[in-house]
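*Asks:* Need a 3D model of the following:
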Amino acid sequence: MRFWSRRCALALTIMAFACLAPGAAGQQTVAKTPAFALLDPADAAQWQTWAKDSGWQVIAPAPGLAADATIDTRAQALAAAVQDAVRNAGVDAARVYLAGRGAASAAVFYAASRMPDVWAAAFALGGSPQPAIDSGRIFTANFTNTPILWAGAGAGDQALAEKLKAAGLNLEWRATSGLTIASVVQWLAGHEREEFPLAIDCETNSVAFARCYWTQMTKFDPAERNDVLPTTLVRPGSGAALDLGGFGYQAGDPGPGVLVSSLPPKYDGPLKMGDRILELDGKTIENARQYDQTMRDATQEKAAAILVERGKERKRIETRIVLPVRPPFVTARLQAKYVPEENEIRIVTRTVTQLRVTIPPHWVPATLYWNGLPLEEIRTPGCLALTMEKELLHSEKCP
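*Replies:* Here you go, the predicted structure:
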C-alpha cells in the first residue's frame, strides 16, 4: 500500500464547519460538532466536501511533521490535533471518527488499534487492512469499544472481513457499490465515545500506546504472566519477499502479473521499471493480490525463479524467497470493568506491574481489585497510581 510506506510532508490544520449558537447574555458559543479525523492530510479537501453537508469538521495533523515521520508519529500527531480541536474548535470529544480511503485505509485500522480510546468509531473506504495486519500491531481487543466500518470492492475483501470478524474484531463490512456518504455519516453517528465506559479491554506492545480509557498501563514485566488473558493479536503474514533488491507495485494492480512501478534510489538489481512479473516457480501470477497472498503464505526461505515480461521479451531471473527477522515481543493486556451494583472496580492484567486508574465522582465510594488483590475503599475520585509488587498492591495519588 503506497500510503503505508510513503511519508507525507503535507499537513493541514482543522477545517471547521461549526455553527455558532447564542449563549448566555447574548454571547456566541461554538456548538459542539462531530469530526472526521484523517491520518492522510493530503486527502482533506475531499473529506471537507463530504463533511460540509452534515456540518461536521475535518481534523488532520498540524503542520511540522517530518517528511519521513513514521505511522506511529503521525497517529500521535493526529491525536494531539484532536485534543486541540476539542479544546479550541468546538469539536465534540464523544463524536470524533477516524477515517481514510484508498491506500490510507490500512492506517485507519492501525491507528484505531494503536489508540482506541481517542475515536468513537472508524471508517475505511476501499483499500485493505492487510498492511496494518502485517505490522503485527492489530489487536482485536482494542476494537471492543471502537467499531470500524470497512467498505470494499476488491476481490477477497469480504472474505478478509469475515476472517477478521471471526477473530473477534468489531468490524462491519459493506460493498462500495451503492454506498453513499450519507449512509456512512448515519452509521458513524450511531456511535459515541464514552469517557468512562463500564467495561474496557486493550492490548499493546508499547508503553507509549498503553492508554485505555480510564486506565493507563505504565510498566510491563514479562514475568507477570496471566494465562486468563490470551493475546488478541491478528497474526500477520510471514513477511516473505523476493530477494530482488526491493521494488514497488500497486496492490490493486489487476494484472496480468505484477507491474514494477518503483525501484529504490541507486537500485542495482535485475529488475527495471515497467517490468511485469508473470510467473513464480512456473506458476502464473494473476494479479498483485495473488502475489501478496503467495508471499504471506511462504514460510521458508528457498531458491526461486520468476518470469519477467520486459517489452516484447520475456526473461527468467533466478532469485530467492527470503523471510524477515522478527524478534519476539511481549504484549500487555488489560480488562477492566466497573460494577455499579457492587460498587467495585475489577481489573485483570497480563504483563503489567504499574498502572494508573482515573475514577470519576459517580463511581465513589468503591473497592478496587487488581488481579484479585483488593485496595481499601476508595472515597475520593481522581487518578491513582498503582503498583503490584510481590503479591502486594500499593497505591498513591498520581503526580
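
*Asks:* going forward, measure contacts and count neighbours with C-alpha atoms only.
*Replies:* OK.

*Asks:* buried stuff in stretch 133-144?
*Replies:* Across stretch 133-144, burial judged by 16 or more other CA atoms under 10 Å covers Ile133, Asp134, Gly136, Arg137, Ile138, Phe139, Thr140, Ala141, Asn142, Phe143, Thr144.

*Asks:* quick check, nearest of the residues you listed to Ala37?
*Replies:* Nearest to Ala37 among the buried residues of stretch 133-144 is Phe143, at 16.9 Å by CA to CA.

*Asks:* Which residue comes closest to the closest one once chain neighbours are left out?
*Replies:* Excluding the flanking residues, the one nearest Phe143 by CA to CA, 6 or more residues apart in numbering is Asn170, at 5.5 Å.

*Asks:* What residues does the one you found make contact with?
*Replies:* Asn170 makes contact with Thr140, Phe143, Thr144, Thr146, Pro147, Ile148 under the criterion CA atoms under 8 Å, 6 or more residues apart in numbering.

*Asks:* Which members of the residues you listed are positioned in strands?
*Replies:* Per DSSP state E, strands hold the following members of the contacts of Asn170: Ile148.

*Asks:* possible to save the contacts of Asn170 as TSV with pLDDT?
*Replies:* Formatted as TSV, the contacts of Asn170 follow (pLDDT from 0 to 100):
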residue	pLDDT
Thr140	98
Phe143	98
Thr144	98
Thr146	98
Pro147	98
Ile148	98
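
*Asks:* Give me the pLDDT value at the residue nearest to Phe143.
*Replies:* If you check Asn170, the pLDDT there is 98.

*Asks:* Also Tyr291?
*Replies:* So Tyr291 comes in at 90 (pLDDT).

*Asks:* Verify the contact between it and Gly255 for me.
*Replies:* No - the criterion here is CA atoms under 8 Å, and Tyr291 misses it with Gly255 at 10.2 Å.

*Asks:* So which of these two has more stuff around it?
*Replies:* For Tyr291 versus Gly255, neighbours defined as other CA atoms under 10 Å are more numerous around Tyr291 (21 against 16).

*Asks:* which element is that one on?
*Replies:* In this structure, Tyr291 is located in helix 288-297 according to DSSP states H and E.

*Asks:* The most centrally placed residue in the chain - nearest residue in space that isn't next to it in sequence?
*Replies:* Nearest to the geometric centre of the chain sits Tyr110, at 2.0 Å (CA atoms, centre = their mean). Using CA to CA, 6+ apart and skipping the chain neighbours, the partner closest in space to Tyr110 is Ala132 (5.3 Å).

*Asks:* same check, this time on Val352
*Replies:* Nearest non-adjacent residue to Val352, counting by CA to CA, 6+ apart: Phe220, 4.5 Å away.

*Asks:* who's in contact with that neighbour?
*Replies:* For Phe220, the contacting residues are Val207, Ala332, Thr351, Val352, Thr353, Gln354, by CA under 8 Å, 6+ apart.

*Asks:* what about 6 Å?
*Replies:* Thr351, Val352, Thr353 (CA atoms under 6 Å, 6 or more residues apart in numbering).

*Asks:* I'd like the distance between it and Ala51.
*Replies:* Using CA to CA, to the nearest Å, Phe220 is found at 41 Å from Ala51.

*Asks:* do Ala159 as well
*Replies:* In terms of CA to CA, Ala159 sits 30 Å off from Ala51.

*Asks:* out of those two, which sits in the more crowded spot?
*Replies:* In terms of neighbours (other CA under 10 Å), Ala51 is the more surrounded of Ala159 and Ala51; the figures are 22 against 11.

*Asks:* The more buried one falls within a helix, correct?
*Replies:* Yes - under DSSP: H, G, I helix; E, B strand; the rest coil, Ala51 sits within a helix.

*Asks:* Pull up the gap between it and Ala182, please.
*Replies:* Distance, Ala51 to Ala182, by CA to CA: 10 Å.

*Asks:* Could you say which helix or strand holds Gln76?
*Replies:* Per DSSP H and E: helix 71-88 holds Gln76.

*Asks:* got the contact list for that helix?
*Replies:* Here helix 71-88 makes contact (CA under 6 Å, 6+ apart) with Ala60, Pro61, Val91, Ala93, Ala111.
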